[in-house]
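Engineer: below are the sequence and a predicted model; questions follow.
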Amino acid sequence: MSGPAPAIEMRGISKSFTGVKALRDVGFDCAPGEVHALAGENGAGKSTLMKVLSGVYRPDAGTIAINGIEHHFKHPMDALQAGISIIYQEFSLLPERTVAQNIFLGREPTRYGIVDQKVMDIEARRVIALFGPSHHIKPDTVVSDLDVASQQLVEIAKAVSLNAKVIVMDEPTAALNDAECEVLFDLVETLKKSGVAVIYITHRMREITRLADRVTVLKDGAVAVSFDAVPAPDVIVHAMVGRDIGDYYAPAALQEEIGLTMLAVRGAGNDRLNDISFDLRAGEIAGFAGLQGAGRVALAMALFGASPFTRGEVSLAGRPALFRNPREAIRAGIGLLPGDRKAEALVLMQSVSDNGMLTARSLSPVTGSDRKTPFVSDQEMNRLLEQVDVRAADYAHEIKNLSGGNQQKAIVARWLALNPKLLIFIEPTRGIDVNAKAGIYHLMRDLARKGTAIMMVSSDLPEVLGTADRIFVMRSGELAGEFPRGVSEAQVMLAATGEITTKPEAA
Amino acid sequence: MISLANLARPFARERMERQAPAFLLAAAIMIYAVTALSLGLTRFLTPEAAISILNRSIALGMTAAGQTFAILVASIDLSVAHLISASAVLASVIMNGEPSMIIPAILASMTLGVVVGTLNGLLITKLEVNPLIATLGMSLVIQGCLASFYTSFSGRVPSEFQFFAYGEVSGLPFSLLVLIALVLLAWLLLRFTRFGSNIYSVGGNRDTARAAGIKTARVVVAAHIICSLCAALAGLYLASRLKSGSPWIGSEGAYDLESIAVVVIGGTVLSGGRGGIWGTTAGVVIFSLIDSIFNLAGIDAFAKQVMRGIIIVAAVAFYAVRSKRMVA
Amino acid sequence: MTEKTVEMTEASLFPGKRRLPQVNPVYFVLAALLCAIALSNPNFLEPPGYLNFLKRAAPLAILAAGQIYVIVSGGFDLSVGSVITLTVVGSSMLLDNNDDATWWVILVMFAIGAAVGLINGLVVSYLRVPSLIATLGMMITLNGAAFMWSSGSPRGYLPDTFRFFGRYNIKGMPLIQFLPVALIVLVVVGIALFWLMHRTNLGRLLHAIGDNPRAAQMSGVPVERIRIFAFVISSLSGVTAGILLGGFAGVSTDVGTGYELQAITATVIGGAQLLGGRGSVPASIAGALTLAAIFTLLNFIGLPKPTRDVVQGLILIVAVVLATYRRNRAGGR
């Protein structure tokens, strides 16, 4: 770690949430003019570390120093003023305001109390021009009129205009296509040349190799390893995964466990999806991999009727299965566990048991007893909750106090009560404690063994590779490849980024 | 986490809605003109008629200008109707026919507006009371205080002050000029000052605004003070027009609901951060036109009230029905 | 660190919650107020005292028990006051002093109430108009309709067969001397609405759509239909309250004015969560009785009637502030 003094240095950072250790004694630094990549699986603690850095969370222990001076951030504002800017995956732009207004949000230059539009305009142009002549973003354009890459550029321009000494980019290419990625990489190079310390969070090896000077890998909330020079991709990947996969993931399906075709999709599509054809069989777990926005979630939502197919044919256990809303899909035997549990699955103020009973009750007569539905009674639900190992002081307590893993298992119980033919998991372990993940994987396998077809959509590639019996890869709203269990991460990534294609053959 | 591709799409749809108030205004003018022509009432198509149409909605215009600020910061104010009454009665009682008391009366009304606005704002920001409930509660308190002391027309407005409602300046009603000045002031404030920018930011995304160092609570309180001040001004105008303060003038005019409806018709969204004063102005004119159309067509007062309720809901539905967001 | 430790922390998050079952504070407040009334007016302890109190509070209690359905589902119903007015004015117009018509007029009124609730629900569910605006619009419309119906001057009184429900007392009861019909209506409606909210699927689904409509929809709940149910129940409670009020109030076009806010205040006092997800029928009825008790006390103290509004406004705000405070302290969302 020679060279200039670090622009930012974090030492011994620890942070816990309600008993769960999210970060343990993490050290991380970044020098001016350096790109330091921060890699790690989902849930490894990358985001938490960056929230500590930006003053959103206060660490339980540890120090943060900027140019050698120790800082204690009480508020995100403090970090911003100290020269730290974070570009989150979810943009913090106001879509209804112009580019210049967004860049100067909360610090508009004024003259006699009137906002000086001219100064804003000139400064916005200056900052945008730093990124080269190819960007035709006008300061008076409303942000919602820009494409995603340009919006990202505005985010970065905002950070530059704030004279940020440290810029953190949290998976900045998540929503970008290849051409847009190149634009972003050039931007990072420009920032680097101008002496900014760039912390670049990603789990894409290609970007690390291309951009980074150093790499630090986080695993389970601690630094697994830190490389002073970028090593070969497989070394990094090994450090990221680095555990005994054998008992972490559930075993593969045995040949005799795989049954008849449960779901058949032929030439289906809508405004996000095109020409989707595949089969799912009872007893198997099918993993769907792909980049952000490749259409995996859109496919799940289309099958579930939440944003339906507009063309093509779908059949479930031999019956037509083009559903117009989730209720129809559920009645026909499809269940779905959404990726954003808080927004789309949980009724947080209600009890654990009520959350489990929700779908059973919604399909029962409205004036029927809430404790005994045709599908499940409250006592049976409590047994189901125990069976899937939901740990709570009392199932009559509000579900919001449970950990993510236990909440997820309660939703699994919700679907178990209905004996679905097809169960769709979207990001099944997002936000779930590493140790609880294995429980979810084994639960999925148990379900498959009972004859349910399981579709798993996940951005966590090791998880897909470790759990699924077959792996489908999606790209730009289409199926770009189908692989058997045992395929390498590299092959899947190549298919996801469009460098190879093996179209699945529909039977 | 929302994927970015999803984020980008709804914004495109909203672009069309920016034009909607203008279309609605044009439609209202057309219907008015056609109604007048088909009934052979061409004297209702003169500039004088236009001014009288506008003059009908002075109080609503003032109240709605203020309500625009409250709604832009993603709040709402249901206390304006009773505040209008309170302001009218307070001013009229203080004046009690004495021209010398005009200035103290105006100051007292404005002070009342500042107090009510501050209380509303603090309840919402500091005590985290839902804006609907905070202002509804405030509304009850004002109404109760008012009704405890006054049950009928109270005080007397000196003829000098009646100039506010009845005076003319170079052929234009003075009150209309005041309203135009108010709208221009609001426009300048929203469009050209940092405060205006903060209003949009706080309404657009409170967390983003806070992260950018904006004191969001202060902005919300200020927006409520402006809203209440405008309502107090409307109360002064109504006292001047009725020549005395009436403790039910505000609730009778349903200024709470009408001001909200007008703002929404003007394209300002109830969730805040989008819209502006010109849309509200268009909304006020649309309401005046609808009222005038009813008058031309000779619809009686009660039927008018029924139609008005339906039109308000229809107008909000016009914007709301295309949103995918579930409401309750 | 194992899952065991996670479980431990979850259990320790709410120690004592299992040992001490939470009793809604509204019942203590109500008990204290009733004691205060009894102290300031010993007659209150005699059957005519408390029975008349309950009789007068019955319409508001029924209204609150209906309003809580909409509140739990995440909305507001501000049209119930105008439903009361329409019921009273409409009944007097239809009856036209004809005793025999009472039964079918009541049926017609319930049909109108159901239609009003249906329209409210449809407008909120399918036109996506926020319920506050939709029901305020309905309020204006119905008040206008009541004026239109009666041409602005409603007739003086309702026939006795109609006023039976609100005014009549069944005499010669053991222990309590007499039993107001209004109280019987309250008990029957209260039990029915309690059962529907707290013992059936409908009640649980109402909680779910108020808590998180998107999650409810993704779990198969027919969100629109359930929401419409809530508005219909609320409107029907308005008709019921209107029929009772017709018994002891005169016929006028402002008989229902202000009742919508009183009903919402009552549910808030009963600990309902505004914008949905939590609420109880008995606690809302207790909230209504609490509000009535406060008004009664104010009367004894000799405060003028308008003071009620001030007090009600303050109660509304304070109840919400306290609820927010309690939830934040309990670690809320």
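Structural biologist: The structure has been received and is ready for your questions.

Engineer: which secondary structure state does the residue nearest to residue B:269 when sequence neighbours are not counted sit in?
Structural biologist: In space, not counting the residues next to it along the chain, residue B:269 is nearest to residue B:275; the distance is 6.1 Å by Cβ to Cβ, 6 or more residues apart in numbering or on different chains. Where C-beta positions appear, they are placed from N, C-alpha and C, glycine not excepted. Recorded secondary structure, residue B:275: coil (DSSP: H, G, I helix; E, B strand; the rest coil).

Engineer: distance of residue B:275 from residue B:186?
Structural biologist: 12 Å (Cβ to Cβ, to the nearest Å).

Engineer: overlap of the contact sets of the two?
Structural biologist: Shared contacts of residue B:275 and residue B:186, defined by Cβ atoms under 8 Å, 6 or more residues apart in numbering or on different chains, are found at residue B:68.

Engineer: which one of those two is surrounded by more residues?
Structural biologist: A side-by-side neighbour count of residue B:275 and residue B:186, using other Cβ atoms under 10 Å in any protein chain shown, places residue B:275 first with 26 against 22.

Engineer: what separates that one from residue B:72, distance-wise?
Structural biologist: 6 Å.

Engineer: anything in contact with each of those two?
Structural biologist: Joint contacts of residue B:275 and residue B:72 (Cβ under 8 Å, 6+ apart) are residue B:268.

Engineer: so which bits of stretch B:299-306 are buried?
Structural biologist: B:302, B:304-306 (16 or more other Cβ atoms under 10 Å in any protein chain shown).

Engineer: turn the residues you listed into a markdown table, including distance to residue A:237.
Structural biologist: Output for these, formatted as a markdown table (distance: Cβ to Cβ, whole Å):
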| residue | distance to residue A:237 |
| --- | --- |
| B:302 | 76 |
| B:304 | 73 |
| B:305 | 71 |
| B:306 | 70 |
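
Engineer: what's the closest non-adjacent residue to the closest residue to chain A within the stretch 151-300 of chain B?
Structural biologist: The nearest approach of the stretch 151-300 of chain B to chain A comes at residue B:212, 3.5 Å away (Cβ to the nearest Cβ). Leaving out its chain neighbours, the residue that sits closest to residue B:212 by Cβ to Cβ, 6+ apart is residue A:106, at 3.5 Å.

Engineer: residue contacts, the one you found?
Structural biologist: Contacts of residue A:106 by Cβ under 8 Å, 6+ apart are B:198, B:201, B:209, B:212-214.

Engineer: got it, and residue A:78?
Structural biologist: A:55, A:71-72.

Engineer: next SSE downstream of the helix or strand that contains it?
Structural biologist: According to DSSP states H and E, residue A:78 maps onto helix A:76-81. Next along the chain after helix A:76-81, taking DSSP H and E as the criterion, comes strand A:84-87.

Engineer: ok so, going back, from the contacts of residue A:106, which single one is nearest residue A:146?
Structural biologist: residue B:201 (17.9 Å; Cβ to Cβ).

Engineer: residues touching that closest one, list them.
Structural biologist: Taking Cβ under 8 Å, 6+ apart, one finds A:94, A:97, A:105-106, B:208-209, B:212, B:214, B:273 in contact with residue B:201.

Engineer: emit the ChimeraX select command for whichever of those residues are buried.
Structural biologist: With 16+ other Cβ under 10 Å as the burial test, the buried ones among the contacts of residue B:201 are selected in ChimeraX as follows:
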select /A:94,97,105,106 /B:208,209,212,214,273
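
Engineer: among the contacts of residue B:201, which ones are in strands?
Structural biologist: Secondary structure from DSSP state E places none of those in strands.

Engineer: turn the contacts of residue B:201 into a markdown table, columns for pLDDT and distance to residue C:143.
Structural biologist: Listed next are the contacts of residue B:201 as a markdown table, based on pLDDT from 0 to 100; distance: Cβ to Cβ, whole Å:
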| residue | pLDDT | distance to residue C:143 |
| --- | --- | --- |
| A:94 | 87 | 40 |
| A:97 | 88 | 41 |
| A:105 | 87 | 45 |
| A:106 | 83 | 45 |
| B:208 | 86 | 42 |
| B:209 | 88 | 40 |
| B:212 | 82 | 45 |
| B:214 | 88 | 42 |
| B:273 | 87 | 33 |
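
Engineer: list just the nearest of the contacts of residue B:201 to chain C.
Structural biologist: residue B:273 (16.3 Å).

Engineer: quick one, what contacts the residue nearest to that closest one when sequence neighbours are not counted?
Structural biologist: Leaving aside its sequence neighbours, residue B:273 sits nearest to residue B:204 (Cβ to Cβ, 6+ apart; 3.1 Å). By Cβ under 8 Å, 6+ apart, the contact set of residue B:204 is A:94-97, B:272-274.

Engineer: neighbours of residue 148, how many?
Structural biologist: With no chain named, the answer covers chain A. Neighbours of residue A:148 under the rule other Cβ under 10 Å: 19.

Engineer: that's the other chain; I wanted chain C
Structural biologist: 17.

Engineer: cool, residue B:188 as well?
Structural biologist: For residue B:188, using other Cβ under 10 Å, the count is 13.

Engineer: what does residue B:163 give?
Structural biologist: Neighbours of residue B:163 using other Cβ under 10 Å come to 15.

Engineer: for the closest residue to it other than its chain neighbours, give me the pLDDT.
Structural biologist: Closest residue in space to residue B:163, ignoring its immediate chain neighbours: residue B:174 at 6.2 Å, by Cβ to Cβ, 6+ apart. Residue B:174 is assigned 94 on the pLDDT scale.

Engineer: ditto for residue A:503
Structural biologist: So residue A:503 comes in at 51 (pLDDT).

Engineer: over to residue A:69?
Structural biologist: 87.

Engineer: can you check residue A:53 too?
Structural biologist: At residue A:53, the pLDDT value in this model is 89.

Engineer: what about stretch A:240-254, average pLDDT?
Structural biologist: 66.

Engineer: okay, how far is it across that stretch, tip to tip?
Structural biologist: With Cα to Cα, to the nearest Å applied, stretch A:240-254 spans 29 Å between its terminal residues.

Engineer: narrow the contacts of residue A:106 to those in helices?
Structural biologist: B:198, B:201, B:209 (DSSP state H).

Engineer: closest to residue A:347 among those residues?
Structural biologist: Distances from residue A:347 to the ones in helices among the contacts of residue A:106, taken by Cβ to Cβ, are shortest for residue B:209, at 29.6 Å.

Engineer: would you check that residue B:284 makes contact with residue B:56?
Structural biologist: No - judged on Cβ atoms under 8 Å, residue B:284 makes no contact with residue B:56 at a distance of 9.8 Å.

Engineer: okay, those two: which has more neighbours?
Structural biologist: Using other Cβ under 10 Å, the more surrounded residue of residue B:284 and residue B:56 is residue B:284, with 28 against 17.

Engineer: just to revisit the earlier point, separation between the residue nearest to residue B:163 and residue A:122?
Structural biologist: From residue B:174 over to residue A:122 (counting by Cβ to Cβ), the distance is 43 Å.

Engineer: now do the spatially most distant residue from the centre of chain A against residue B:192, distance only.
Structural biologist: Largest separation from the mean C-alpha position in chain A: residue A:112, at 46.1 Å (Cα atoms, centre = their mean). For residue A:112, the distance to residue B:192 equals 10 Å [Cβ to Cβ].

Engineer: just checking, next helix/strand downstream of the helix or strand of chain A with the lowest mean pLDDT?
Structural biologist: In chain A, no helix or strand scores lower on mean pLDDT, DSSP states H and E than helix A:245-248, which sits at a mean of 56. The helix or strand immediately downstream of helix A:245-248 is strand A:261-269, counting by DSSP H and E.
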